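Novice: Make a model of this:
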Amino acid sequence: MRLRGFGLRFGLGALGAALLCLPACNSSNPVAPDAPPPTGNTPFTVTIASNPSTLAVGATTPATITVTVRRNDNNQPPPDGTQVSLNTSLGSFGSGTATTPVQLVTLTLSKGTAQTSLFPGSATGTAQLLAQVEQSIGQLAVPIQTVEQPAFFLLSISPNFGNAFGGQTVTITGSGIQAPVRVTFGTAVARVGTVTSTTIQATVPASTQPVAEGSTLAVNVAVTNALGQSGSTTDTLTSAWTYSGGDVQEPVAVFSVTPSSGPNAGGTPVTITGNGFISPVQVLFGISSGGSFQGFAATVQSATSTTIHATTPSATGVGLSLANQLVSVQVRNVNTGDTAVGTGVFSYTGAGLFVTSMSPTSGPYTGGTPVTIQGSGFAGTLQVQFGGSVQTLRPSTGTQLNVITVPVTVSNCQPPSGTLTVRRLDTGDVAMSAINFTYTAPTPNISSLSPASGAQGGGNTVTLQGTGFDSSARVTINGAAATVSSAQASSIVVTAPAFGGTFDTETCTDSHNMQGKRNKPKAVDVAVTSTATGCSDTLPMSYTYQPDDTSCVVTPPPKPKADFTFEILGLMVAFNDVSSNSPTSRLWDFGDPSSGTANTSTAASPTHTYASVMPGQTKTFSVTLNATNAGGTDTVVKFVTVTAPP
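Specialist: The predicted structure is shown next:
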């Protein structure tokens, strides 16, 4: 699946100011990917691209973010110096280790383009980027993922032989290699050159032990991976390097022959690779038998220590025939007598059966592509195979084969490919070529939706525009399958499914001036997947669901829990409301009806004088507090006893 930048043409209006305010107002999320797309006509198309398209969490190397702006009327860039605001919900445009990430930057366009860097930071997720120029915006989703380091181990070292003074350049191969590394030959530390995840270039150090002339010393080659970092490990190739006493030539070895086949008549130019070659050399094509080698001498054009250019001999001669056989190649250094054999590295094929070219070398996975193969010896009953399949052969000539490709199966959006082979079924002759044929599968690419929004309950018709669609296309909106009514190469018509998620909310005020919450429109992803090939594309946040209910819902606060305290000061008592849940009003009844209107109060901390108590008399009064808010009313009654002085 591919997530990519795209231009959205919207009129922001009042919503544009709100989007720009998000970072400046200290929001924890400076991008609002769930905000509804703006409406109206705007002058620019804004596109955001990220290289690479995903980031590894905690990585110190950032992605390069490129913002491109073009006018809608003439596809020209805006004037140089035009500014674009860019913000992100995750990661940072500043240092990847800053305690306060820089999530909003202002870029200056030059020829309609501006760039900055996005650091992943330490949190996984998806960085939602939003760029705005005037009233036009563009969006991009950049996944920030955990990347597991492959296991570290060593495989080989090449070459593996040299004199005791060192100085040779070697290549160590393996997996999971992570710089910095330390390489040792025995106890001697090597100088390290280029390091990749699978190879290390190093210079062999001198042997720490003396090696007499004519003798050898085998030592271990060890690599400490991710030196000085947590999880650093060491792997060893036992006795992998051999020091020799004196200035000893590398052993002769034959690695490969290219091309690996040719006609029985010989005359094929070949390149033999290996090491330890010393000119002049003798090259034989033949077979090993009983400890000896029988073959025919090739014509040698040139030779270096690692490469020989030669022309193959004929497959037949006095007392030996190699026709239509897989043969070996022997290389002999004439002056020293040292030899090496590459076993089964070349195939002789039928007389004249040879492939020189194929056109085209790719075609759709559905088959039906006419392919022309040039060569010689195309006679008898022939079979043509490439791309992993036997192809359909049409009327041909002795030098040209006409083929129609057969359809193949594509899985995980990875069409098959494979080399070209022509076989004579009646004789068994085979002509193999290094030419590859690659099947292709169209990749869906969504460019726009119309309309770009719809009701919460779905059911509306949406048209997707783009390229690479096919009749097997499956469309999902917010992960739910949409009903496809028609699918063409550049458009798909679907019925939107109902929204199955949860709408975000915003603060509102109802007609009674009470604060509440109401649903906001929700922007979601739209994806197209070819069920025939597994190829897919996602247009992030490109379709907006409109909530059915946008009313301001006020949730009443909890009802108060009435309570009060009091302090007796002779005949005067001071009361204090200590009710919980924030009452907005209260009503006191002091239980003293003889005091008339003074018997009640709406104050939070009233006082009341009980004048009806006779001198020397003690009297108890029942005091009632009613505490009220929007959630209701609660009542508490307490008894107050006062004593009048004599």
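
Novice: Residue ranges of each domain in the protein, please.
Specialist: Segmentation of the chain into domains, based on automatic domain parsing, reads 6-145, 153-244, 253-349, 354-437, 445-546, 564-643.

Novice: my guess is residue 233 meets residue 152, correct?
Specialist: Yes. Counting by CB atoms under 8 Å, residue 152 is a contact partner of residue 233 at 5.6 Å. For the C-beta atoms, the positions are set from N, CA and C on the backbone; glycine is no exception.

Novice: Report the set of residues contacting both of the two.
Specialist: 225-226 (CB atoms under 8 Å, 6 or more residues apart in numbering).

Novice: follow-up on the earlier one: mean pLDDT lowest for which of the domains of the chain?
Specialist: Across the domains of the chain, domain 6-145 has the smallest mean pLDDT, namely a mean of 75.

Novice: just to revisit the earlier point, to residue 558, which of the domains of the chain lies closest?
Specialist: Between residue 558 and the domains of the chain, the shortest separation by CB to CB is 4.8 Å, and it involves domain 564-643.

Novice: distance between the closest one and the chain's centre?
Specialist: 70 Å (CA atoms, centre = their mean, to the nearest Å).

Novice: Tell me which of residue 233 and residue 152 has more neighbours.
Specialist: Higher neighbour count among residue 233 and residue 152: residue 152, with 21 against 13, using other CB atoms under 10 Å.

Novice: OK, contacts around the closest residue to the more buried one other than its chain neighbours?
Specialist: Leaving aside its sequence neighbours, residue 152 sits nearest to residue 176 (CB to CB, 6 or more residues apart in numbering; 3.7 Å). Neighbour list for residue 176: 149-153, 197, 225 [criterion: CB under 8 Å, 6+ apart].

Novice: Among those residues, which one sits closest to residue 528?
Specialist: Relative to residue 528, the closest of the contacts of residue 176 is residue 150; by CB to CB it sits at 32.5 Å.

Novice: Work out for me the element the closest one sits within.
Specialist: According to DSSP states H and E, residue 150 maps onto no helix or strand at all.

Novice: I'd guessed it sits against residue 174; true?
Specialist: No. Applying CB under 8 Å, one finds residue 150 not in contact with residue 174, separated by 9.9 Å.

Novice: and these two? which has more neighbours close in?
Specialist: The neighbour comparison of residue 150 against residue 174 (other CB under 10 Å) goes to residue 174, with 21 against 13.

Novice: Strands of the stretch 501-646 of the chain, start to end?
Specialist: Counting by DSSP state E, counting those that start in this stretch, the stretch 501-646 of the chain has strands at residues 505-509, 515-519, 522-530, 536-546, 564-569, 572-577, 585-589, 600-601, 607-609, 618-629, 632-643.

Novice: hey, where'd the helices end up in the chain?
Specialist: 14-24 (DSSP state H).

Novice: residue nearest the centroid of it?
Specialist: Central residue of the chain (CA atoms, centre = their mean): residue 54, 3.9 Å from the mean position.

Novice: Name all residues that make contact with it.
Specialist: By CB under 8 Å, 6+ apart, residue 54 lies in contact with 142-145.

Novice: Now the phi/psi pair for it, please.
Specialist: As for residue 54, its main-chain torsions (degrees, to the nearest 10) stand at phi -130, psi 160.

Novice: ok, now how distant is it from residue 75?
Specialist: Going from residue 54 to residue 75 by CB to CB, to the nearest Å gives 30 Å.

Novice: hang on, the earlier thing: which one of the strands of the stretch 501-646 of the chain lies closest to residue 419?
Specialist: strand 522-530 (26.9 Å).

Novice: any idea how far the residue nearest to residue 147 when sequence neighbours are not counted lies from residue 119?
Specialist: Spatial nearest neighbour of residue 147, excluding adjacent residues (CB to CB, 6+ apart): residue 56 at 4.0 Å. Distance of residue 56 to residue 119, given as CB to CB: 11 Å.

Novice: Which residue of these two possesses the greater neighbour count?
Specialist: Neighbour totals were compared for residue 56 and residue 119, and residue 119 leads with 23 against 16 (other CB under 10 Å).

Novice: Which of the contacts of residue 54 ranks first by neighbour count?
Specialist: Of the contacts of residue 54, with other CB under 10 Å as the count, residue 142 tops at 27 neighbours.

Novice: wait, isn't it in contact with residue 125?
Specialist: No. The criterion here is CB under 8 Å, and residue 142 misses it with residue 125 at 9.9 Å.

Novice: how about the CA coordinates for stretch 589-609, as PDB?
Specialist: Extracted as PDB, the C-alpha positions of stretch 589-609 are listed here (Å, rounded to 0.1, in the frame of the first residue of the first chain):
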ATOM      1  CA  ASP A 589     -35.000  28.700  56.400                       C
ATOM      2  CA  PHE A 590     -33.700  29.600  59.900                       C
ATOM      3  CA  GLY A 591     -36.600  27.900  61.700                       C
ATOM      4  CA  ASP A 592     -37.600  31.300  63.300                       C
ATOM      5  CA  PRO A 593     -40.900  32.300  61.800                       C
ATOM      6  CA  SER A 594     -41.400  35.000  64.400                       C
ATOM      7  CA  SER A 595     -38.600  36.900  62.700                       C
ATOM      8  CA  GLY A 596     -40.700  37.500  59.600                       C
ATOM      9  CA  THR A 597     -38.800  38.100  56.400                       C
ATOM     10  CA  ALA A 598     -35.500  37.700  58.200                       C
ATOM     11  CA  ASN A 599     -36.300  34.000  58.700                       C
ATOM     12  CA  THR A 600     -35.100  33.200  55.100                       C
ATOM     13  CA  SER A 601     -32.000  34.100  53.100                       C
ATOM     14  CA  THR A 602     -30.400  33.400  49.700                       C
ATOM     15  CA  ALA A 603     -26.900  34.400  50.700                       C
ATOM     16  CA  ALA A 604     -24.000  31.900  50.700                       C
ATOM     17  CA  SER A 605     -22.900  32.900  54.300                       C
ATOM     18  CA  PRO A 606     -25.800  34.600  56.100                       C
ATOM     19  CA  THR A 607     -26.200  35.400  59.800                       C
ATOM     20  CA  HIS A 608     -29.400  35.300  61.800                       C
ATOM     21  CA  THR A 609     -30.300  36.600  65.300                       C
END
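
Novice: List the buried residues for that stretch?
Specialist: Going by neighbour count (16 or more other CB atoms under 10 Å), the buried part of stretch 589-609 is 589-592, 600-601, 606, 608-609.

Novice: same deal with stretch 183-196?
Specialist: Of all the residues in stretch 183-196, those buried under the rule 16+ other CB under 10 Å are 183-186, 188, 190, 192, 195.

Novice: can you check stretch 306-323 too?
Specialist: Residues of stretch 306-323 classed as buried: 308, 310, 312-315, 322 (neighbour count, 16+ other CB under 10 Å).

Novice: possible to save the residues you listed as a markdown table with distance to residue 360?
Specialist: Shown next, in a markdown table, are the buried residues of stretch 306-323 (distance: CB to CB, whole Å):
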| residue | distance to residue 360 |
| --- | --- |
| 308 | 34 |
| 310 | 32 |
| 312 | 30 |
| 313 | 35 |
| 314 | 34 |
| 315 | 33 |
| 322 | 35 |
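
Novice: So which of those sit within strands?
Specialist: Judged by DSSP state E, the buried residues of stretch 306-323 include 308, 310 as members of strands.

Novice: tell me which of the buried residues of stretch 306-323 is nearest to residue 382?
Specialist: Nearest to residue 382, judged by CB to CB, of the buried residues of stretch 306-323 is residue 315 at 20.8 Å.

Novice: I'd say that closest one and residue 347 touch.
Specialist: No. Contact criterion CB under 8 Å: residue 315 and residue 347 do not qualify, at 10.1 Å.
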